[in-house]
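Novice: Here's my sequence, what's the structure:
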Amino acid sequence: MWARTLAAYLRLDANEKEDDEMTDRIAPEDELALAATLPQADATSLVDRDGLDAQVQEMYRQVAREDGERLHFAVGREVALPVGYPAELLDRIPAEALASFAGVGYHLDLAALAAGDRVLDLGSGSGTDVFCAAVLVGEPGRVVGVDFTDAQVEKARGLRDRDGFAHVEFVEAGIDALPFADATFDVVVSNGVINLSPVKHRVFAEAARVLRPGGRLALADIVSARALRERTRRNTDLWAACIAGAIPRSSYLAALDAAGFRLGEVRTNDYEFVSERALHACSTYGVESISLQATLT
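Specialist: Take a look at the predicted model:
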């Protein structure tokens with residue numbers, strides 16, 4: 001695994017050098033101005049979808065195996081507690097799921113989960129938020145997690161069966177093409193995942209489709225203060241690291257509005273990446289974590 005990860009970093013350095021050679025005649029201020037004209041919520045013209053999916057899946061297979069070597073972000077309880085997860089809630093879910101937690105903020109309070117709610121988690125990983133939601137809605141409720149990384153789904157299903165979460169289901173699928181009927185859920189949640197999608201507008205449209213009228217959406221995700229330059233957005237390694245997929249907060253919220261959501265509370269989270277490259281991107285583009293709540297109109 002270390003060799004494969006190192007190879008990815010070497011490819012990243014080579015790609016950046018090539019991009020620098022192609023753009024060294026463009027003034028930095030012109031390059032940033034050009035970035036603002038690029039598509040934001042729909043980035044299919046900027047990245048190869050198959051290549052991006054492969055990068056993301058490999059990154060999160062590593063997370064599922066609890067192999068945190070050379071990740072751009074921290075994982076586990078040490079992340080969940082500082083961003084706001086109650087310790088007493090974390091104590092009631094499988095420890096192995098929490099060990100693979102890669103969220104970027106706390107949002108379940110904004111979801112206002114109640115007994116009997118039907119909840120869908122987009123990009124559920126090894127199940128931390130699904131199991132937390134299952135505790136909050138109780139056995140009368142139903143919680144479904146969707147993820148397209150095989151190792152994450154396999155791990156989450158094993159923990160569900162072992163610990164007797166009978167009202168929990170994990171489905172292997174993409175979050176922009178959900179295998180559920182219209183108006184199936186009361187609440188949709190997601191944590192640190194939608195930024196990884198190059199078709200955020202489709203993700204929001206699918207969330208709206210599967211929610212009942214008046215249903216609630218609660219997210220934690222990565223956004224930016226300004227548009228990322230083209231060379232960064234074309235780099236699938238940085239997409240998988242939850243950096244290059246970030247779009248300006250204004251564009252993110254506009255895409256939610258276009259999907260039919262009425263925005264409620266938005267807050268900034270106390271969250272930091274750990275690698276030098278990721279921290280540089282944060283300072284350059286104002287990359288940050290937010291949590292938000294919205295209602296389907």
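Novice: any idea of the pLDDT on the residue positioned nearest the centre of the chain?
Specialist: The chain has V193 as the residue nearest its centroid, 1.2 Å off, counting by CA atoms, centre = their mean. Note on V193: pLDDT of 95.
Novice: Which helix or which strand is home to E78?
Specialist: helix 77-83 (DSSP states H and E).
Novice: who does that helix touch, helix- and strand-wise?
Specialist: helix 87-90, helix 95-99 (3 or more CB pairs under 8 Å, 6 or more residues apart in numbering; DSSP states H and E). Where you see a C-beta, it was placed from the backbone N, CA and C, and this is true even at glycine.
Novice: Next, format the ones you listed as a markdown table and append distance to G76 and mean neighbour count.
Specialist: Shown next, in a markdown table, are these (distance: least, CB to CB, whole Å; neighbours: other CB atoms under 10 Å):
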| stretch | distance to G76 | mean neighbour count |
| --- | --- | --- |
| helix 87-90 | 10 | 13 |
| helix 95-99 | 5 | 18 |
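Novice: Now render those helices as a markdown table, adding mean pLDDT.
Specialist: Output for the helices and strands packed on helix 77-83, formatted as a markdown table (pLDDT from 0 to 100):
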| stretch | mean pLDDT |
| --- | --- |
| helix 87-90 | 98 |
| helix 95-99 | 95 |
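Novice: Can you add distance to L136 and give those back as CSV?
Specialist: Compiled in CSV, the helices and strands packed on helix 77-83 are given as follows (distance: least, CB to CB, whole Å):
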stretch, distance to L136
helix 87-90, 8
helix 95-99, 15
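Novice: which sections of the stretch 1-150 of the chain are below the confidence cut-off?
Specialist: For the stretch 1-150 of the chain, the stretches with pLDDT under 70 are 1-29, 67-72.
Novice: R202 looks like it's in a helix, true?
Specialist: Yes: looking at R202 with DSSP: H, G, I helix; E, B strand; the rest coil, it is inside a helix.
Novice: ok, how many other residues are close to it?
Specialist: If you count neighbours by other CB atoms under 10 Å, R202 ends up with 20.
Novice: residue contacts, it?
Specialist: By CB atoms under 8 Å, 6 or more residues apart in numbering, the contact set of R202 is 42, 176-177.
Novice: still on that earlier bit, how about the CA coordinates for the helix holding E78, as PDB?
Specialist: In PDB, the C-alpha atoms belonging to helix 77-83 read as follows (Å, rounded to 0.1, in the frame of the first residue of the first chain):
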ATOM      1  CA  ARG A  77     -12.500   9.400  17.200                       C
ATOM      2  CA  GLU A  78      -9.800  12.000  17.300                       C
ATOM      3  CA  VAL A  79     -11.600  13.800  14.500                       C
ATOM      4  CA  ALA A  80     -15.200  13.100  15.500                       C
ATOM      5  CA  LEU A  81     -15.000  14.500  19.000                       C
ATOM      6  CA  PRO A  82     -13.400  17.900  18.100                       C
ATOM      7  CA  VAL A  83     -15.900  18.600  15.300                       C
END
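Novice: Residues contacting it, please?
Specialist: 73, 87, 90, 98-99, 101-106, 128, 220, 269-271, 289.
Novice: now do 6 Å
Specialist: The contact list for helix 77-83, computed with CB atoms under 6 Å, 6 or more residues apart in numbering, reads 98, 101, 105-106, 269, 271.
Novice: of all these, which two lie farthest apart?
Specialist: Put simply, by CB to CB the two of these set farthest apart are L98 and N269, 17.9 Å from each other.
Novice: that older thread, for the residue nearest to the centre of the chain, grab phi and psi.
Specialist: Dihedral angles of V193 (phi, psi; degrees, to the nearest 10) stand at phi -120, psi -40.
Novice: Next up, the contacts around the residue nearest to it when sequence neighbours are not counted.
Specialist: Nearest residue to V193 in three dimensions, chain neighbours excluded: G123, at 2.8 Å (CB to CB, 6 or more residues apart in numbering). G123 sits next to 147, 175, 190, 193 when contact means CB under 6 Å, 6+ apart.
Novice: Skipping adjacent residues, who's closest to the third one in space?
Specialist: Counting by CB to CB, 6+ apart, S190 lies nearest to L122, which is 3.9 Å off, once chain neighbours are set aside.
Novice: The second one now?
Specialist: Once flanking residues are discounted, I175 sits nearest to L122: 4.4 Å by CB to CB, 6+ apart.
Novice: I'd guessed the one you found sits against G174; true?
Specialist: No: contact criterion CB atoms under 6 Å: L122 and G174 do not qualify, at 9.7 Å.
Novice: Where does the spatially closest residue to L178 that is not a sequence neighbour sit: helix, strand or coil?
Specialist: In space, and not counting its chain neighbours, L178 is closest to E206: 4.8 Å by CB to CB, 6+ apart. Following three-state DSSP, the label given to E206 is helix.
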